[in-house]
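S.K.: Got a sequence here, can you model it:
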Amino acid sequence: MPTVLTPPANTATQLEQTISLTRQVEGHADALCLGVDRTQTGYYYAGANAMVLQETLARAKEEVGEIEKTVTKRLGQSGVAFNVETGVAQIADLGRHVARLARFSDLVVLSQPYGKDRPAEAEAIVESALFEGRAPVLVVPDDVTLPERPKTVLVAWNESIEAMTAIRKALPMLQAADLVRVVVIDPPQHGPERSDPGGLLCQMLSRHGVKCEIDVLSKSMTRVSDVLNRHAVDTAADLIVMGAYGHSRFREAILGGATRNMLEKAKVPVLMAH
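M.R.: Numbers count the residues shown, from 1 in each chain. As a prediction, this is how the structure comes out:
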């Protein structure tokens, strides 16, 4: 059960969630602590000398040393099997380090990439795990953790490949829940599921022992993510499962989208997959 931590960051919730999930499955926790040189890559070619480069890398190495001590101490107290790895990289080179860890993992636990005091590399880490690592990601808001046995889970269903991928990856969690609510927002008037939105998905899940119901909602708010968040609060949901980046990352970065908005405003943990 891997997680990626970069200083300065609020690592407590992210680390505790990793420990909790690792303990539940009797697994192995892998913590990648990365010191990040956040200087723009091209800056060095505009006249900066080797001393500037050495200074920024040395600062990143010093920062990661502090977070490594904290993480190692907490994991050592947890009683789970673990490994702590450290490294220093430029922000443009983070992807390959995160992807290497995520590619061989069942689930990557990360904190929300947007919001107050978030480091610049947080977004790149989430996207690298999803796209380059092809791993599902559990995004955990500060001070909120997923219960060992979730009571209510929301599944955002829009008939997309990304949504189905997330559902398949989350199946053990769905089976453990008391109730799974399949949420369909403004279902299409034409298509194979027009007469029974979410029906085939519920049938599939029920055959896997999942107790589920269908909630058909209207898009009463501007953003789909706002509707999902409100419904999560109204139903006291412990987890949201949804597909990630049905549109391109570039489009979502410029125009916004359900993934980006959920990553920023989620009130409960969100499991995403692409």
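S.K.: all strands of the stretch 101-250 of the chain, in order?
M.R.: Secondary structure of the stretch 101-250 of the chain by DSSP state E, counting those that start in this stretch: the strands cover 108-111, 137-140, 152-156, 179-185, 212-217, 239-243.
S.K.: how about the ones you listed in CSV, adding mean neighbour count?
M.R.: Glycine gets a C-beta too; all of them are placed from N, C-alpha and C. Shown next, in CSV, are the strands of the stretch 101-250 of the chain (neighbours: other C-beta atoms under 10 Å):
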stretch, mean neighbour count
strand 108-111, 26
strand 137-140, 24
strand 152-156, 25
strand 179-185, 22
strand 212-217, 16
strand 239-243, 25
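S.K.: And those strands: which comes nearest residue 259?
M.R.: The minimum distance between residue 259 and those falls on strand 239-243, with 7.8 Å, by C-beta to C-beta.
S.K.: Just give me how far the closest one sits from the chain centre.
M.R.: On the basis of C-alpha atoms, centre = their mean, to the nearest Å, strand 239-243 sits 10 Å off its chain's mean C-alpha point.
S.K.: Paired strands for that strand, with orientation please.
M.R.: strand 152-156 (parallel), strand 270-273 (parallel) (DSSP bridges).
S.K.: Any stretches of this structure with poor pLDDT?
M.R.: For the chain, the stretches flagged by pLDDT under 70 are 8-10, 39-53, 190-191, 246-256.
S.K.: Mind jotting down where the helices sit in it?
M.R.: 12-25, 50-78, 94-102, 122-127, 161-169, 171-176, 199-207, 224-234, 249-255, 258-265 (DSSP state H).
S.K.: and residue 174, how many neighbours?
M.R.: Residue 174 has 23 neighbouring residues, counting by other C-beta atoms under 10 Å.
S.K.: now it: how far from residue 1?
M.R.: Residue 174 sits 18 Å away from residue 1, going by C-beta to C-beta, to the nearest Å.
S.K.: ditto for residue 119
M.R.: Residue 119 sits 22 Å away from residue 1, going by C-beta to C-beta.
S.K.: out of those two, which sits in the more crowded spot?
M.R.: Shown here are residue 119 and residue 1; by other C-beta under 10 Å, residue 1 has more neighbours (24 against 17).
S.K.: so the more buried one makes contact with residue 21?
M.R.: Yes: the pair residue 1 / residue 21 is scored as a contact, 5.2 Å apart, by C-beta atoms under 8 Å.
S.K.: between the two, what contacts are shared?
M.R.: The contact sets of residue 1 and residue 21 overlap at 27, 107, 109 (C-beta atoms under 8 Å, 6 or more residues apart in numbering).
S.K.: correct me, but the last one touches residue 13?
M.R.: I take that to be residue 109. No: using C-beta under 8 Å, residue 109 makes no contact with residue 13, being 9.6 Å away.
S.K.: okay, and the common contacts of these two?
M.R.: residue 140.
S.K.: what is the residue most central in space within the chain paired to in the beta sheet?
M.R.: The centre of the chain sits closest to residue 139, judged by C-alpha atoms, centre = their mean, with a distance of 3.1 Å. Assessed by DSSP bridges, residue 139 has beta-bridge partners residue 110, residue 270.
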